[in-house]
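Colleague: can't give you the sequence, but here's the structure:
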């Protein structure tokens, strides 16, 4: 028995990976002197949901972007 039911499809996963990496790149390599660079670390969340193939918000809203 799995804890998570897959609810994130392939296209959705690719978009989450791209956005997650972009946000983390901003946090690491963004311009100096910006006080809110920490916001880029939010990019960990889309990466995590992409690799787990499960999104808790989708579960709450009853959304499924995978073919199953």
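Modeller: Nice, thanks for sending it over. Small disclaimer: the values here were computed from a predicted structure and weren't measured.
Colleague: Show me where this structure has its helices.
Modeller: 10-29, 44-52, 56-61 (DSSP state H).
Colleague: Can you check what angle separates the longest one from helix 44-52?
Modeller: Helix 10-29 runs at 140 degrees relative to helix 44-52, counting by axes from the mean of the first three to the mean of the last three C-alpha atoms, to 10 degrees.
Colleague: Buried residues of helix 10-29, list them for me.
Modeller: Using 16 or more other C-beta atoms under 10 Å as the test for burial, helix 10-29 gives 12, 13, 16, 17, 19, 20, 23, 24, 26, 27. For the C-beta atoms, the positions are set from N, CA and C on the backbone; glycine is no exception.
Colleague: same thing with the second one?
Modeller: Within helix 44-52, the residues that qualify as buried by neighbour count (16+ other C-beta under 10 Å) are 46, 47, 49, 50.
Colleague: What is it packed up against?
Modeller: Counting by 3 or more C-beta pairs under 8 Å, 6 or more residues apart in numbering; DSSP states H and E, the packing neighbours recorded for helix 44-52 are helix 10-29.
Colleague: Give me the contacts around the helix it packs on.
Modeller: 8, 37-47, 49-50, 53, 65-66 (C-beta atoms under 8 Å, 6 or more residues apart in numbering).
Colleague: gap between it and the chain center?
Modeller: 7 Å (C-alpha atoms, centre = their mean, to the nearest Å).
Colleague: show me what contacts the closest residue in space to residue 63 that isn't next to it in sequence?
Modeller: Once flanking residues are discounted, residue 63 sits nearest to residue 7: 6.8 Å by C-beta to C-beta, 6 or more residues apart in numbering. Each residue near residue 7 by C-beta under 8 Å, 6+ apart is listed here: 53, 54, 55, 58, 59, 63, 64, 65, 66.
Colleague: Residue 46 now?
Modeller: 16, 17, 19, 20, 23.
Colleague: The first one and residue 27: what is the separation?
Modeller: Applying C-beta to C-beta, to the nearest Å, one obtains 16 Å for the distance of residue 16 from residue 27.
Colleague: now for the helices of the chain, which one comes closest to residue 3?
Modeller: helix 44-52 (9.6 Å; C-beta to C-beta).
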